[in-house]
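A.B. asks: please find the sequence and the predicted model below.
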Amino acid sequence: MTEQADEKKDPGFEELVALEVRALEAHREAVAGPYSPEAWVPWREAASVFQEAVREYAAAGEGRNRFEVEMRAKKAAKERLAAG
């Protein structure tokens, strides 16, 4: 079984995907309206929470590469949003 298939069953990885979905949605809202620093606060906070979760998830697993974990979670989040 591949690592990606294993991650789909991993609640920790699924949480990363959910956090990135929230960050993408917050970004979408931030760019939808006129610029204001306050409009970007939810996105910055959501992105920060996602990054911290990625660091923790990667550090907790033997041989997990933080960058690869982040890229797989971002890809899965974009696929989830595209699927509706």
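C.D. replies: Yes, it's here.
A.B. asks: I figured His27 hits Glu45, correct?
C.D. replies: No - His27 is beyond contact range of Glu45, at 11.5 Å (criterion: CB atoms under 8 Å). All C-beta atoms are positioned from the backbone trio N, CA, C, and that covers glycine.
A.B. asks: between the two, who's got more neighbours?
C.D. replies: Comparing His27 with Glu45 by neighbour count (other CB atoms under 10 Å), the higher total belongs to His27, at 16 against 13.
A.B. asks: need the contact list for that one.
C.D. replies: His27 is in contact with 43, 47, counting by CB atoms under 8 Å, 6 or more residues apart in numbering.
A.B. asks: what's the pLDDT at the residue most central in space within the chain?
C.D. replies: Closest to where the C-alpha atoms of the chain average out (CA atoms, centre = their mean) is Glu20, at 2.4 Å. Note on Glu20: pLDDT of 98.
A.B. asks: so who does Arg80 touch?
C.D. replies: Neighbouring residues of Arg80 by CB under 8 Å, 6+ apart: 17, 21.
A.B. asks: and what of Ala60?
C.D. replies: Gly12.
A.B. asks: and it, what's its pLDDT?
C.D. replies: For Ala60, pLDDT reads 95.
A.B. asks: ok, now how distant is it from Leu16?
C.D. replies: 12 Å (CB to CB, to the nearest Å).
A.B. asks: re earlier: quick one: contacts for the residue nearest to the centre of the chain?
C.D. replies: Here Glu20 is in contact with 50, 73-74, 76-77 (criterion: CB under 8 Å, 6+ apart).
A.B. asks: in terms of helices and strands, where is it?
C.D. replies: helix 11-32 (DSSP states H and E).
A.B. asks: assign Tyr35 to helix, strand or coil.
C.D. replies: Using DSSP: H, G, I helix; E, B strand; the rest coil, the structure places Tyr35 in coil.
A.B. asks: next, the residue of the chain positioned farthest from its centre: phi, psi?
C.D. replies: Largest separation from the mean C-alpha position in the chain: Pro34, at 24.9 Å (CA atoms, centre = their mean). With angles defined as degrees, to the nearest 10, Pro34 sits at phi -70, psi 150.
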